[in-house]
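Engineer: For reference, the sequence and a predicted model appear below.
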Amino acid sequence: MHFARLFVPLALPKVLPLEKTQINLVFCSLIRTFGPAEGTPARKRKRKTRFPFAFRSLIRTFALKMLFMDQKRINERLLRNVVLLSRLDEKEESMMPAGSASLPDVNEVRRIVSLAQRIIFTDYFYKRQPDEQIRQHYIGVNMEEFYELLRRQIARSLQFCVECNEEDVLPKAEELSLQLIDQLPEVKRLLYTDVEAVFQNDPAATNYGEVIYCYPVVYAMTHYRLAHVLWQMRVPVIPRIMTEQAHASTGIDIHPGATIGEYFAIDHGTGVVIGETTIIGSHVMLYQGVTLGAKSFKYDTEGNMLNVPRHPIIEDNVTIYSNASVLGRITIGHDSVIGGNIWLTRDVPPYSRILQSKAVDGPSQEA
């Protein structure tokens, strides 16, 4: 015990991260437990039970201390990386938009499209009401929120790359928002032609409601039709956010600058790419994996890429099958069929059938 009296107070601080008072408490418990046997047998038994309680107290204290030390180390590492990530380095600063205004909110943009779905496909995405006056009420409630969100996001987009105050852009944002709302009846008309085209071209579709609810092309075209109107009004960044949200959800990549006519359909849809300067007529059908892209790019004398027409023109009543690549500023004549896995970089006259094997009827060409 003499050794314990000397060793325990010196060794415990090195083994366990305890305070001096805690060490003394443990030490006294050990002495009382293992010291010379004194007193009655009952008292001796009581002394023998003291150590487990002292030991549990020691373990509890040790665990809390280690937890505190671990949390302290974690906090130090978190803080160190927060400081590093908070520094605005030269490359990051060069990519930041001008000014310090709030940037567009992608979640609010997503909400804008969701509200547009409720307004255009009221019975499917909100509450089914055959009574026209009740429908007007529900559409009016959604329209009010749609306008407020759209106005705020357009105002932020107008400040995206221009140094100006929100008060300076709010009147323009209000006017642009109202212009889009004025276009909603036409957007609705076009979307319902798209729904009809999808239904007519897919025997697996049992009814129009199934197409509206389930087909990714309707979701993608809702984003595109709205984004294209904003693109034509030269609203910055918001159109790209809209179409890229649809791209992320469906795998259908349609640039908001592309021009697409009525009764447009995509079957399946995954992997379809439609470039910025593409022009698509009416009653056009695409299958999965179709690329309407650029073949090459043009540059100015300083080596900067020029934004010139570089994507195909697809005339009316054209069908392009899966994984075909139609590249460059070429024209696919009306009433033509482009077979699957075709690589096409030249003009095609009307009524053509471009296949990997020889055409069986009509005017034919080899790819």
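Structural biologist: Alright, I've got the coordinates.
Engineer: now stretch 152-170: mean pLDDT?
Structural biologist: Across stretch 152-170, pLDDT averages out at 82.
Engineer: Show me what counts as buried in it.
Structural biologist: Buried residues in stretch 152-170, counted by 16 or more other CB atoms under 10 Å: 152-160, 169. In this view, the C-beta of every residue, glycine as well, is placed from N, C-alpha and C.
Engineer: Please apply the same query to stretch 214-234.
Structural biologist: For stretch 214-234, a neighbour-count test (16+ other CB under 10 Å) marks 215-231, 233 as buried.
Engineer: What is the distance between that stretch and the centre of its chain?
Structural biologist: The chain centroid and the centroid of stretch 214-234 are separated by 15 Å under CA atoms, centre = their mean, to the nearest Å.
Engineer: oh, and call the first residue 17 from now on, that's how I've got it
Structural biologist: Sure, I'll start counting at 17 from here, so that last one is stretch 230-250.
Engineer: could I get it in PDB with only the CA atoms?
Structural biologist: C-alpha atoms of stretch 230-250 as PDB (Å, rounded to 0.1, in the frame of the first residue of the first chain):
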ATOM      1  CA  CYS A 230     -45.400   9.600 -66.400                       C
ATOM      2  CA  TYR A 231     -43.600  10.600 -69.600                       C
ATOM      3  CA  PRO A 232     -40.300  12.400 -69.000                       C
ATOM      4  CA  VAL A 233     -40.700  14.300 -72.300                       C
ATOM      5  CA  VAL A 234     -43.700  16.200 -70.900                       C
ATOM      6  CA  TYR A 235     -41.700  17.200 -67.900                       C
ATOM      7  CA  ALA A 236     -38.700  18.200 -70.000                       C
ATOM      8  CA  MET A 237     -40.900  20.100 -72.500                       C
ATOM      9  CA  THR A 238     -42.700  22.000 -69.700                       C
ATOM     10  CA  HIS A 239     -39.300  23.300 -68.600                       C
ATOM     11  CA  TYR A 240     -38.200  24.000 -72.200                       C
ATOM     12  CA  ARG A 241     -41.300  25.800 -73.300                       C
ATOM     13  CA  LEU A 242     -41.100  28.200 -70.300                       C
ATOM     14  CA  ALA A 243     -37.300  28.600 -70.600                       C
ATOM     15  CA  HIS A 244     -37.600  29.300 -74.400                       C
ATOM     16  CA  VAL A 245     -39.900  32.300 -73.800                       C
ATOM     17  CA  LEU A 246     -37.500  33.700 -71.200                       C
ATOM     18  CA  TRP A 247     -34.600  33.100 -73.600                       C
ATOM     19  CA  GLN A 248     -36.400  35.100 -76.300                       C
ATOM     20  CA  MET A 249     -36.800  37.900 -73.800                       C
ATOM     21  CA  ARG A 250     -33.100  37.800 -73.100                       C
END
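Engineer: okay, among the buried residues of stretch 168-186, which ones form the most distant pair?
Structural biologist: R168 and F176 (13.3 Å; CB to CB).
Engineer: how about the strands of the stretch 167-316 of the chain, start to end?
Structural biologist: With DSSP state E, counting those that start in this stretch, the ranges of strands along the stretch 167-316 of the chain come out as 269-270, 275-276, 281-283, 289-290, 295-296, 301-303, 307-309.
Engineer: low pLDDT regions in the stretch 117-266 of the chain?
Structural biologist: For the stretch 117-266 of the chain, the stretches flagged by pLDDT under 70 are 177, 179, 181-182.
Engineer: As CSV, the strands of the stretch 167-316 of the chain with distance to I358, mean neighbour count and mean pLDDT would be great.
Structural biologist: Shown next, in CSV, are these (distance: least, CB to CB, whole Å; neighbours: other CB atoms under 10 Å; pLDDT from 0 to 100):
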stretch, distance to I358, mean neighbour count, mean pLDDT
strand 269-270, 19, 24, 98
strand 275-276, 21, 18, 98
strand 281-283, 17, 25, 96
strand 289-290, 15, 22, 98
strand 295-296, 17, 20, 98
strand 301-303, 12, 23, 98
strand 307-309, 11, 21, 97
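Engineer: Throw the ones you listed into a markdown table and include distance to E226, thanks.
Structural biologist: Below are those laid out as a markdown table (distance: least, CB to CB, whole Å):
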| stretch | distance to E226 |
| --- | --- |
| strand 269-270 | 22 |
| strand 275-276 | 22 |
| strand 281-283 | 14 |
| strand 289-290 | 24 |
| strand 295-296 | 24 |
| strand 301-303 | 18 |
| strand 307-309 | 27 |
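Engineer: can you tell which of those strands is closest to M111?
Structural biologist: Among the strands of the stretch 167-316 of the chain, if distance is taken as CB to CB, the winner is strand 269-270, at 22.9 Å.
Engineer: Each with direction, which strands does that closest one pair with?
Structural biologist: Looking at strand 269-270 with DSSP bridges, its partner strands are strand 289-290 (parallel).
Engineer: List phi and psi for R369.
Structural biologist: The phi/psi pair for R369 (degrees, to the nearest 10) reads phi -130, psi 110.
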